[in-house]
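Colleague: sequence first, predicted coordinates after that:
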Amino acid sequence: MGEEIQAYIDKLLSRVDGLKAITVTDREGVILLKAICPEEESSTFKGIFETQPALLSTTFAVVSDQASKLGLKKNRSIVSVFGSHQIVQFNHTPLVTTLVGDSNANTGVLLDLNDELKEMTEVIATALQERQST
């Protein structure tokens, strides 16, 4: 099953214009699944996921919880823009899915991936629960 999910996110990178990386982590930032575009493999961009993998996910978890307290229902996603990249993060409790796109990526298309990615993260979350209960 793990190979099929990895193949799926690898294919997603090539299918969506401007999408450079995808990670699925738990709320503490432990990377469960990651894919980085081949042309980004040697860049400092890759270093973010290797040296500080927990930073994006844990920050998102805290900010998402705080945003939900604004009285606008539960927060489902956050979009951030940093220089030449944009980050779209989805709250797929208990997991966090992070998409990193370049400045040319269509943010609406990235946000539309939520439902598709939620199905995948539900499979991962179920497998984690089953493993923890044994």
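Modeller: The structure has been received and is ready for your questions. Numbering: from 1, shown residues only.

Colleague: how deep is the nearest residue to V16 once chain neighbours are set aside tucked in, by neighbour count?
Modeller: Sequence neighbours aside, V109 is the residue nearest to V16 in space, at 6.2 Å (criterion: CB to CB, 6 or more residues apart in numbering). In short, each C-beta sits where N, CA and C put it, glycine included. Residues near V109, counting by other CB atoms under 10 Å, number 15.

Colleague: and V109, what pLDDT?
Modeller: If you check V109, the pLDDT there is 96.

Colleague: remind me which residues of the protein are low pLDDT?
Modeller: For the chain, the stretches flagged by pLDDT under 70 are 1, 40-55.

Colleague: please, where are all the strands along the protein?
Modeller: Under the criterion DSSP state E, strands of the chain are mapped to 19-26, 31-36, 77-82, 85-92, 95-102.

Colleague: could these go into a markdown table alongside mean neighbour count and distance to D10?
Modeller: A markdown table is the format used below for the strands of the chain (neighbours: other CB atoms under 10 Å; distance: least, CB to CB, whole Å):
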| stretch | mean neighbour count | distance to D10 |
| --- | --- | --- |
| strand 19-26 | 22 | 9 |
| strand 31-36 | 18 | 5 |
| strand 77-82 | 13 | 22 |
| strand 85-92 | 21 | 18 |
| strand 95-102 | 23 | 14 |
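
Colleague: ok, the residue nearest to V16 to T23 distance?
Modeller: V109 sits 18 Å away from T23, going by CB to CB, to the nearest Å.

Colleague: give the bridge partners for A35, please.
Modeller: With DSSP bridges as the criterion, A35 is bridged to I22.

Colleague: surely the residue nearest to V16 and R15 touch.
Modeller: No. Counting by CB atoms under 8 Å, V109 stays clear of R15, with 10.1 Å between them.
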